[in-house]
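Participant: I need the structure of the sequence given here:
(2 chains)
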Amino acid sequence: MYRYDEFDYQIVNERVAQFRGQVARRLSGELTEDEFKPLRLMNGVYLQLHAYMIRVAIPYGTLSSKQLRMLAHIGRKYDRGYGHFTTRQNLQFNWPALKDMPDLLHDLATVEMHAIQTSGNCIRNVTSDQYAGAAKDEIEDPRIVSEIIRQWSTFHPEFSFLPRKFKIAVSGTPDDRAAIRVHDIGIQIVRDGKDAIGYEIYVGGGLGRTPMIGKKIADFVPKEDLLAYLEAIMRVYNMYGRRDNIYKARIKILVHEIGAEEMKRQVDVEFAEIRKTGALHLPAEEVARIQAYFAPPGYETLPDESTELNKAVLADRDFANWVKSNVAAHKVPGYAIVNISLKPIGGTPGDCSSDQMDAVADIAEKYSFDELRVTHEQNLTLADVRKKDLPAVHAALKAAGLATANINLITDQIACPGLDYCALANARSIPLAQQISERFSDLDRQHDIGELKINTSGCINACGHHHVGHIGILGVDKKGVEYYQVTLGGAADEKTAIGDIVGPAFTEEQIVDAIETIVTTYLGLRQPGERFIDTYRRTGIDPFKESLYATH
Amino acid sequence: MQLIRNGKFVADDFATVGDEDALPDGAVIVSLERWQKERDALTARNTPLGVRLKSGQEPSAIADDLDKLKVVALEFPVYRNGRAYSYARLLRERHGYTGEVRAVGNVLRDQFHFMVRCGFDALEVADNITPEIWAESVGAFSLSYQPATDGREPVLSLRQRLAARASAREAV
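Facilitator: Next up is the predicted model:
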């Protein structure tokens, strides 16, 4: 994985020093909360319902064991012994005191981490595929370009006061695990006819109150021009993005208002000008330098079949279920990708205790080359595990309470923090996710239902990505009462779709039954091998509407 | 308000005048509208001239007049509105403007660094800004990852030079 050099260290350390000064000014009263706000936001410090919250950047979701141990330590030292992994592959601490923030950032900096640009109207932490480097169909490891973008966007002087926040995601495979079409910019790594690698660019995707799917504005941007092209998009957005209404300030609204064709034209004009100066030309040596950090780990030559694994699958039903749902194919024979669910039955999606973080750090160190990933679905991934080690990994995870066998199943839900934590929320998300999780706790039933993603947001800002859940749940407030609106058919993969609203919202008492009705309806309609989303795409919304709102 | 020009606190030798105000003697900064309406009269005065652009008024509107202007003042209506960062870069890099590019409006101490990097060489700042604050803010980061308008060598190129030096040493 990427290692800081002297320059990276200096920039991060200078940032810690700068923020220490800003916090001191706030604590002394020299800065009002209002004046402090933009400064703290640039460092991922929010003022939530109950306390300050800090969002730690995990660039493209990649962590070393050492870094995870530091996060565990921070959870114990400054918080309440846990952290919360988010859909942006970041980690949030909900309870640190403002006075401790500079020390917390200092501790992070010792392991090459920071909270830069995890908030504010700037280019946010770049996200990517949790299977990067290990996926069978990968054209190129997306972390290389993600790191290049991380550096270019860090404290970008022109783009640190954009009309709104700005999110970039990169996918290196045709299978999209990074949800690139619901990002402000989605980058798809592609190969052209002559075998050169470059980038397909999508612009203007996003969720929130106006969900939109990104439009493709470039088929192939050559590697050396990527930063010039990104700078062109950012400049067009900075100059023409709306600033009169924050709800209309995202780039998706600009693209929608002027049209993708016109957006492409303006970006191309700007790109041609920027390219002329050559200042952002990306030298092949720099790409190679960064690529070297992401070189494949020292894989052993192994048979693809593992007798240890096969034996364990036959002997242990728990293990077999876990392998079935949580383990994915790897490009190297004899290796597998392990997904660690942070969605125990009845738990808070994405929460992880400091003890669990330490346990995962140990497991990653021993079995997965000292490295792990955070997923945008709020889980963790060990990308490079020997198949013969899977029983041992499972046992170690089980001991840490992390062996829930539900990846991509109905209880593997995305949920935002909701009204329990968030100042913006209208409704609770976590208790709802917990109730659904308990209702569908039976593992056989979950496996029978198969792949089904339920995403819940506690407000229209859609941090829980409800629009792209196969079943999406949106908490709404009606005269002080929490209601839940259901959407169906959303997806955040290469067939990205925004879910359709099924009808009138449900009360807190009705919503779990409504989910059950949707599932039962699907089970009655499905053809052999059909996932929920396939059935929905075939039948449309009507049968679901009928069963949900049938008057008896 | 105080004026910082090229890092020095100086007396403002330009008067910013409203559209309805009578023009005083000496150097003035006028709005784009007034400039467009009174270009000939203003030019005939033979005193230094500046134009102030509001957010949304692009530098291309004065691109042909830049040789007549000593100052282009770019307005930051609120700290959140960063349009003028792009305008400043365009003035310098696209239009080749070498006169003063002045940041006016909501110019906060924590933005000085970014403004200077984008080509602002003059900033109108609040009265409580001291030379110490200026130095701390503008010098908050000694390194930059990306090229901008200030000519500072980005990290990428520092790395390349370092690598070249290392390989030259090896060759010896």
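Participant: Quick check: which element contains the residue nearest the centre of chain B?
Facilitator: Central residue of chain B (CA atoms, centre = their mean): B:Phe120, 2.1 Å from the mean position. Counting by DSSP states H and E, no helix or strand carries B:Phe120.
Participant: Help me confirm that it comes into contact with B:Val104.
Facilitator: No. Using CB atoms under 8 Å, B:Phe120 is not in contact with B:Val104; the gap is 9.8 Å. Every residue, glycine included, has its C-beta placed from N, CA and C.
Participant: For chain B, what lies in contact range of chain A?
Facilitator: B:55, B:58, B:79-83, B:85-87, B:89, B:93-94, B:108, B:110-111, B:113-115, B:117-118, B:136, B:140-148, B:155-156, B:158-160, B:163 (CB under 8 Å from any CB of the partner chain).
Participant: Go again with 7 Å.
Facilitator: Within chain B, the positions near chain A by CB under 7 Å from any CB of the partner chain are B:79-83, B:85-86, B:89, B:93-94, B:110, B:114, B:117-118, B:140-143, B:145-148, B:155-156, B:158-160.
Participant: Now restrict the residues you listed to buried residues only.
Facilitator: Using 16 or more other CB atoms under 10 Å in any protein chain shown as the burial test, the residues of chain B next to chain A include B:79-83, B:85-86, B:89, B:93-94, B:110, B:114, B:117-118, B:140-141, B:143, B:145-148, B:155-156, B:159-160 as buried.
Participant: Give the bridge partners for A:Val486, please.
Facilitator: The partner list for A:Val486 in beta bridges (DSSP bridges) reads A:Ile473.
Participant: centre of the chain versus the helix or strand containing A:Val512, how much separation?
Facilitator: A:Val512 is part of helix A:508-525 when elements are defined by DSSP H and E. Per CA atoms, centre = their mean, to the nearest Å, the displacement of helix A:508-525 from the mean C-alpha position of its chain is 27 Å.
Participant: Which other helices and strands does that helix contact?
Facilitator: helix A:430-439, strand A:471-478, strand A:481-488, helix A:532-539, helix A:542-549 (3 or more CB pairs under 7 Å, 6 or more residues apart in numbering or on different chains; DSSP states H and E).
Participant: rerun that using 10 Å as the cut-off
Facilitator: helix A:430-439, helix A:443-449, strand A:454-457, strand A:471-478, strand A:481-488, strand A:506-507, helix A:532-539, helix A:542-549 (3 or more CB pairs under 10 Å, 6 or more residues apart in numbering or on different chains; DSSP states H and E).
Participant: Any regions of the chain where pLDDT drops low?
Facilitator: All of this refers to chain A. A:551-552 (pLDDT under 70).
Participant: let's do chain B instead
Facilitator: In chain B, residues with pLDDT under 70: B:172.
Participant: ranges for the strands of it?
Facilitator: Taking DSSP state E to define them, one finds strands in chain B at B:2-5, B:8-10, B:15-16, B:28-31, B:49-53, B:71-76, B:100-105, B:122-125.
Participant: Name the nearest residue to the residue nearest to the centre of chain B, sequence neighbours excluded.
Facilitator: Sequence neighbours aside, B:Ala103 is the residue nearest to B:Phe120 in space, at 4.6 Å (criterion: CB to CB, 6 or more residues apart in numbering or on different chains).
Participant: how deep is the one you found tucked in, by neighbour count?
Facilitator: Per other CB atoms under 10 Å in any protein chain shown, the neighbour tally for B:Ala103 reads 26.
Participant: That one is in contact with B:Arg117, isn't it?
Facilitator: No. Assessed by CB atoms under 10 Å, B:Ala103 is found out of contact with B:Arg117, at 11.9 Å.
Participant: list residues touching both of the two?
Facilitator: Common neighbours of B:Ala103 and B:Arg117, using CB atoms under 10 Å, 6 or more residues apart in numbering or on different chains, are B:85, B:88.
Participant: so what's A:Lys252 up against?
Facilitator: Here A:Lys252 is in contact with A:164, A:182-184, A:203-208, A:210-215, A:241 (CB under 10 Å, 6+ apart).
Participant: Mind checking what helix or strand follows the host helix or strand of it in sequence?
Facilitator: Here A:Lys252, judged by DSSP H and E, is contained in helix A:251-258. Remark: after helix A:251-258, the chain's next helix or strand is helix A:260-277, criterion DSSP H and E.
Participant: can you give me the offset of the helix or strand just after that next one from its chain's centre?
Facilitator: Downstream of helix A:260-277, the first helix or strand assigned by DSSP H and E is helix A:284-293. Computed by CA atoms, centre = their mean, the chain-centroid distance of helix A:284-293 equals 25 Å.
Participant: same check, this time on stretch A:442-458
Facilitator: On CA atoms, centre = their mean, the centre of stretch A:442-458 falls 19 Å from that of its chain.
Participant: end to end, how far does it reach?
Facilitator: 26 Å (CA to CA, to the nearest Å).
Participant: Give the buried residues for that stretch.
Facilitator: Along stretch A:442-458, these residues count as buried under the neighbour rule (16+ other CB under 10 Å): A:443, A:446, A:449-450, A:452-458.
Participant: Same check on stretch A:140-147?
Facilitator: Result for stretch A:140-147 [16+ other CB under 10 Å]: buried residues A:140-147.
Participant: Residue of chain A nearest chain B, please.
Facilitator: Using CB to the nearest CB, A:Phe161 is the residue of chain A that sits closest to chain B, at 2.7 Å.
Participant: Which secondary structure state is assigned to that residue?
Facilitator: coil (DSSP: H, G, I helix; E, B strand; the rest coil).
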